[in-house]
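Student: take a look and give me a structure for this.
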Amino acid sequence: MTINTLTIDTSAWQNNSAEWHEQRKAKWPVIEQWFNESWVIDTPYELGEESKAYHQFYLTGEIHPRIKNWMTLTLLHPEPSVSNIRQLIQLHGNVYDGPILVTGEYYYSLLGLGIVESQTLDNIFIAFAGDSYDKTAQLRNFEPIEGVPNMLEKLVPKITKWFKMSNQEEVPIDILIPYLASVMKYVTPKNFEDSEFYLNRFFKRLAGYRAGKLPKHTANLEKTVNLVKTLCDYYLSDDVNDCVRSIAQQHLLAK
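Tutor: Predicted coordinates:
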């Protein structure tokens, strides 16, 4: 299939299988309810036009030339792998340049309904940003050193949010932690002043967790405690720049 000169692999759709289509149809009402309640707000399309277009994609893989939000298409794709999601992102051209992150927040409410798997959230992040900050800069066309403050502004809240969540599977923390380390290698005296505010907030929060002041709704206590220790050890080590370690010490070693 070709949409705007881009070829989309539709081999995941079993269009010759009546049984497969019946299984897909059975799940659609739940998706449609979420779609109508949570997504279609201030839509420029006629009533039902957007839902109809996405329903067609859901069942056949056919993409409407105008109605093609890649996040929604990912939700409806039978096999939302990294490579398949990247094909959907390409439908929008180069409109996503810059230090941007996507972790699939739109789908959180669908995890509990069994419509979306946590692996899909992992795939969304990697498809959009790659597996490291270097890869994000390459994919999203920006200079890594210059993008550090903006990336920390987006990344740190996602990580600190994980500690408070009752369903921690909603945030791909096992991807975000090494990703944060890949950002930190670019924190130097050159961009430290613009990054200091976000680092202060992060280390202050870590200091509280290290002292045992964990959120009341911590879902996985053992993993949370181990993660706090791992993070503190890392930011107090020689693996980070002196300017980062110095501010970490102010918070994490304070009595």
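Student: ranges for the strands of the stretch 1-150 of the chain?
Tutor: Using DSSP state E, counting those that start in this stretch, the strands of the stretch 1-150 of the chain run over residues 2-3, 6-7.
Student: which of those has the lowest mean pLDDT?
Tutor: In terms of average pLDDT, strand 2-3 trails the rest of the strands of the stretch 1-150 of the chain, at a mean of 44.
Student: in this protein, where is pLDDT below threshold?
Tutor: 1-7, 38-43, 47, 255 (pLDDT under 70).
Student: that one: helices as residue ranges?
Tutor: 18-34, 49-60, 70-76, 82-89, 108-111, 118-129, 133-140, 144-164, 173-184, 192-210, 221-235, 242-252 (DSSP state H).
Student: and of these, who's closest to residue 102?
Tutor: Closest to residue 102 of these is helix 118-129 (CB to CB; 4.4 Å). For every residue, glycine as well, the C-beta is placed using N, CA and C.
Student: for that closest one, output the C-alpha coordinates as CSV.
Tutor: Provided in CSV are the C-alpha atoms of helix 118-129 (Å, rounded to 0.1, in the frame of the first residue of the first chain):
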residue,chain,number,x,y,z
SER,A,118,3.1,-2.7,28.0
GLN,A,119,5.6,-3.9,25.3
THR,A,120,3.8,-1.6,22.9
LEU,A,121,4.7,1.4,25.1
ASP,A,122,8.3,0.3,25.0
ASN,A,123,8.2,0.0,21.3
ILE,A,124,6.6,3.4,20.9
PHE,A,125,9.5,5.0,22.8
ILE,A,126,12.2,3.2,20.9
ALA,A,127,10.5,3.7,17.5
PHE,A,128,10.4,7.5,18.1
ALA,A,129,13.6,8.1,20.1
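Student: mind putting the helices of the chain into CSV with mean neighbour count?
Tutor: Shown next, in CSV, are the helices of the chain (neighbours: other CB atoms under 10 Å):
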stretch, mean neighbour count
helix 18-34, 13
helix 49-60, 18
helix 70-76, 21
helix 82-89, 18
helix 108-111, 16
helix 118-129, 21
helix 133-140, 18
helix 144-164, 18
helix 173-184, 17
helix 192-210, 18
helix 221-235, 15
helix 242-252, 17
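Student: quick one: contacts of stretch 76-83?
Tutor: The contact list for stretch 76-83, computed with CB atoms under 8 Å, 6 or more residues apart in numbering, reads 12-14, 24, 31, 54, 57-58, 74, 84-85, 88, 120, 123-124, 126-127.
Student: now do the end-to-end distance for that stretch.
Tutor: 15 Å (CA to CA, to the nearest Å).
Student: same question for stretch 125-139.
Tutor: Stretch 125-139 end-to-end distance (CA to CA) = 12 Å.
Student: and it, how far from the chain's centre?
Tutor: From the chain centre to the centre of stretch 125-139 is a distance of 11 Å (CA atoms, centre = their mean, to the nearest Å).
Student: likewise for stretch 220-235?
Tutor: Relative to its parent chain, stretch 220-235 has a centroid offset of 21 Å by CA atoms, centre = their mean.
Student: swap in stretch 91-99?
Tutor: Counting by CA atoms, centre = their mean, stretch 91-99 comes out at 15 Å from the chain centroid.
Student: regarding that stretch, how distant is the last residue from the first?
Tutor: So stretch 91-99: terminal residues 19 Å apart, CA to CA.
Student: check stretch 188-197 too.
Tutor: 14 Å.
Student: spatially central residue in this structure, please.
Tutor: Nearest to the geometric centre of the chain sits residue 103, at 1.2 Å (CA atoms, centre = their mean).
Student: give me the phi and psi for that residue.
Tutor: Residue 103 adopts backbone torsions of phi -120, psi 10, taken as degrees, to the nearest 10.
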